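1. Dropping a prediction and its sequence here:
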Amino acid sequence: MEDALDAIKAQVDGMETRPAVFDRELRQRFDRWRLADPVPAEEIIERFARHGGFDGDGATVRIPLHEVDSAELTGEYLLYHPEHVVECVGFYEYEKGDLTHIRIEDFAETFPAWRLRFWHHSNAPPSQPSYLKESTDLADESAAPGSSVAGLQSVDGEDLFDQLTAFVEREKEAEREQTRRHFADLSAEQFFAEFGGVSGVEPAGREVGEYGEQIVTLRVPGEDQDDDDGVPGGDFDTAGNGDDTAEDPTAGGARYDNWEELAEAAGMSPDEVREERKAAINGEGEADGDATGAGDPSSAATDDFDFRAAGLYPGSEVIIGHERGGRGFPVEAELYEVEGRTMRLGVYWRQTEDKAAAEAAFKADSDATFVVGELLNVVPFDRQWDAIETIQADDRKSDVLTGRRDVGFRDATEVDVRTGDLNEYQARACTSAMRAEDVFCIHGPPGTGKTRTLTKLIREAARDHQRVLAVAHSNQAVDNLLVGSSTTEQADPRSLHALAQDDELSMARVGSNCDHPVVEEEYVGEDHWQADVVGATMSAAHQFPDDLFDLVVVDEATQATIPATLIPVSKGERAILAGDHKQLPPYHSGEYADREEMEKSLFEHVLEVYGDDIATTLATQYRMHEDIAAFPNDAFYDGILTHASRNRDWTIGTLDPLVGVDVTGSEERTPRESLYNPAEVDAVVAEIDRLLRYGVDPADVGVITPYTGQVAKIRSALASHDPPGLHHDVTVNTIDAFQGSESEVIVVSFVRSNDAGQIGFLDFPNEGPRRLNVALTRAKKRLVLVGDWDCLTTLPGRRDPADSATPVYQNLHQHLLDHASVETVGEIEGDAVGRPE
């Protein structure tokens, strides 16, 4: 489009130009004024304004008109007034003989806007205008995919799938180890709040299982403590062996202490024995559930005790602690089944330090009481293993994943995509995604309308009679895809929910962890076998047959690991991956040599294998003031982002959009070893005071920080500083938790402050800049960066700059000095006090 604008400008400069005149009264009389379908006028006008060559008297932009039925210029122009209180477009009205203005929102549905339609890629003129060379593309369609895209590199398939399988196993063990540390360090109440569990659990006896394994039964106390509630009771030594080892009556009296011994005797693998054991206990095995638990919810949430609410599910691994510190604890076990108020578990005796002491504590007549917490929910990992095997067995998908196959695209003439309400980048992404036969990536930097683009894509696919599986890593993102900003009273007009209300498509939501009222009311429990669009988290998608869907749309694709993303990918013929690989990578529990290689998302893997031809980047951002967007645009996005007119200059009163605050404080540690900085807490409170005195609604303020310790201290300080609760609506959270969100004002507290320049995980060379990018791109109108800038910009020790994120912080600090300002806490407090109430 820029080439076309240059050609239009050159043509206009050689013409006699004049303001446009329209006879509105005459056109209204013959019903030729109001358009049935609006023109994307705001985007068209924004492009001309951004070009800079169509400025009028400094306060207006002259938008040239084309002829009614062609893109030839007429010499007429409209007047766009970006500085008016309400953005508007002006023209001369014939009857009045004077200038008339129309709000830009209303202008899109009028005949004058019709005279701009060919300036948008969604409306191609019937012929090339004379002022353009034949090679110029008026619609600014950059190199769209051809019929296929070849891989830039080929990956050894066997090695890749072996690495993915090993990665899942390492993640399982890393998560176990992390939970063990928390179990040792936290109080029971703190542990249960984060991981789930129950305390005060009593022993109810032991028994020999069908396969000779030792089964421990525990009971959650209730009002009824009788033994006639069906709980297996009595001591373990029911066979009179005189010891506590298990005797398997089916194995000729053999006794086994662990799965390995039992499996060896049975000629099976330990996993096979465990699966048979679970199947025997649970009947037909695992029922379809959500990503967070295994089994039928009704079996895990009984009338007597809600084990599901406590985070305890059949099939999960648990950790058991002795409430009075008895020897041999903690021990680990697998939770076989729950019934009433009882749990039946298989203890991992081989890992137990003092087996005899633990066995004694589990006897029915023991006075011991226990805490039982979730150690590991194995279900998500099992689903990832299944997905890896499924993709590996599918020749087409396996070849795409390894780059051995060219990915295909249908001819552009074969797809019918209505993109008139999208900008040019969004339209290109939507069209290319509809053409994709295997996979396509949509890169959505902050505020560029990724969700809007995906919503349009899903709508167009459903209109084309395709069944769509819409998934994301989080429940919140899934619900956002389905209903947008809809409430129970009003549907978001751009959402899929609005279309479903008009019976244009049918939707269903799979999973039990949804908390959006509209989704719960309208779509949870709907028949997902008949729905046009099905929403689910990645893990919950496991329940569908392979290749059931025509299209799988994956939002937040850059926040999920490759194995996790393969779960939904295995359920559809083709996949669209959407995300931003310049923001936070997938979460990992462990640290190991090839972590950085394995922390790549499927989105990044596909880009590496096939290159940029497999993706489209959305490049117009609608969120940030241009001063806020400037640094992340240059540092992380190679300067490709442009700014929509609506947000380019928006501010809060006279407050600068971007400011740094230099605080020299001290970093301290909470009992849980998280960091906090009291001086920065004070600075944050002072800034919020200033914002409120400028009339900012507390609900429009977000405070983000890398450390949970600082989150807690800031929340506490706001509560004690403001007893009436004026600050109650201020959102305070970690940077990671705030990814995907936005706020009018964001205050960032970096926390780290020491002479050595040690900034912890903020300094990780890959993850550090991506976390900083998230922090810098949440604010719309004001961004305040609070930190010890000497610490943040000091390269620690003899660290190679290439192995550190410190250079990014150095560049950011220099940017603040050159293009914004750096204040002290005293300056903030003085401004806050000086403002009127």
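-> Received, thanks.

2. Need the contact partners of stretch 42-60.
-> By CB atoms under 8 Å, 6 or more residues apart in numbering, the residues outside stretch 42-60 that reach it are 1-2, 5-6, 9, 12, 61-64, 79-83, 89-90, 104-105, 108, 116, 119-120, 423-424, 620, 642-646. To be clear about C-beta, it is placed using only N, CA and C from the backbone, and glycine gets the same treatment.

3. out of those, which are buried?
-> Neighbour counting with 16 or more other CB atoms under 10 Å marks 1, 5, 12, 61-64, 79-82, 89-90, 104, 108, 116, 119-120, 423-424, 620, 642-645 as buried within the contacts of stretch 42-60.

4. mind listing which of those are in helices?
-> Counting by DSSP state H, the part of these found in helices is L5, V12, I104, E424, S645.

5. Now tell me what touches stretch 548-557 from outside.
-> If you take CB under 8 Å, 6+ apart as the criterion, stretch 548-557 is touched by 441, 450-451, 454, 457-458, 461, 466-474, 477-478, 480-481, 534, 538, 560, 565, 568-569, 571-579, 601-603, 740.

6. Endpoints of that stretch, how far apart?
-> For stretch 548-557, the first and last residues are 20 Å from each other (CA to CA, to the nearest Å).

7. Where does the prediction get shaky in the protein?
-> Low-confidence segments of the chain, defined by pLDDT under 70: 1-3, 30-31, 57-58, 95, 132-146, 223-303, 588-598, 723-724, 832-837.

8. next helix or strand past the longest helix out of those in it?
-> For the chain, the longest helix by residue count, based on DSSP H, is helix 157-185. Later in the chain than helix 157-185, the nearest helix or strand by DSSP states H and E is helix 188-195.

9. and the angle from the helix or strand following that following helix to helix 188-195?
-> If you walk from helix 188-195 toward the C-terminus, the next helix or strand you reach (DSSP H and E) is strand 197-208. Strand 197-208 and helix 188-195 are oriented at 90 degrees to each other (axes from the mean of the first three to the mean of the last three CA atoms, to 10 degrees).

10. Give me the buried stretch members for strand 197-208, please.
-> For strand 197-208, burial by neighbour count (16+ other CB under 10 Å) applies to G197, V198, S199, V201, E202, P203, A204, G205, R206, E207, V208.

11. Same check on stretch 672-691?
-> 674-677, 679-691.

12. Could you list which of those residues belong to helices?
-> Of the positions in the buried residues of stretch 672-691, 679-691 sit in helices, assigned by DSSP H.

13. Need these in CSV (columns: distance to S154).
-> Putting these into CSV (distance: CB to CB, whole Å) gives the following:
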residue, distance to S154
A679, 54
E680, 50
V681, 53
D682, 57
A683, 53
V684, 51
V685, 56
A686, 57
E687, 53
I688, 54
D689, 59
R690, 57
L691, 54
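
14. from these, which two are the most distant?
-> Pairwise distances across these (CB to CB) peak at 19.1 Å, for the pair A679 and L691.

15. From P801, how far off is the nearest residue to T794 once chain neighbours are set aside?
-> Closest residue to T794 in three dimensions, ignoring its sequence neighbours and counting by CB to CB, 6 or more residues apart in numbering: G757, at 3.0 Å. Noted for G757: a distance of 12 Å to P801, by CB to CB, to the nearest Å.

16. Determine the residues that are contacts of both of those two.
-> Counting by CB under 8 Å, 6+ apart, the residues touching both G757 and P801 are L795.

17. Between the two, tell me which one has more neighbours.
-> G757 (20 against 11; other CB atoms under 10 Å).

18. Is the more buried one located within a helix, as I assumed?
-> No: following the definition DSSP: H, G, I helix; E, B strand; the rest coil, G757 is coil and is not counted among the residues of a helix.

19. list the contacts for it?
-> Contact criterion CB under 8 Å, 6+ apart gives C791, L792, T793, T794, L795, P796, T806 as the residues in contact with G757.

20. which one of those sits closest to P586?
-> Distance to P586, by CB to CB, is smallest for T806 among the contacts of G757, at 24.0 Å.

21. burial count for the nearest residue to the closest one once chain neighbours are set aside?
-> When the adjacent residues along the chain are set aside, T806 lies closest to L795, with 4.8 Å between them (CB to CB, 6+ apart). Other residues lying near L795 total 15 when counted by other CB under 10 Å.

22. residues of the longest helix of the chain that come out buried?
-> The neighbour-count criterion (16+ other CB under 10 Å) identifies 160-161, 163-165, 167-168, 170-172, 174-176, 179, 182-183 as the buried residues of helix 157-185.

23. which helices and strands sit right next to it?
-> The helices and strands touching helix 157-185, judged by 3 or more CB pairs under 8 Å, 6 or more residues apart in numbering; DSSP states H and E, are helix 188-195, strand 317-322, strand 370-376, helix 379-393, helix 395-402, helix 562-569.

24. now for those, which one comes closest to A719?
-> With distances scored as CB to CB, the stretch of these nearest to A719 is helix 188-195 (18.8 Å).

25. ranges for the helices of the stretch 401-550 of the chain?
-> 424-435, 450-463, 475-483, 496-501, 517-522 (DSSP state H, counting those that start in this stretch).

26. List the buried residues for the fourth one?
-> Buried positions in helix 496-501, judged by neighbour count with 16+ other CB under 10 Å: L496, H497, A498, L499, A500.
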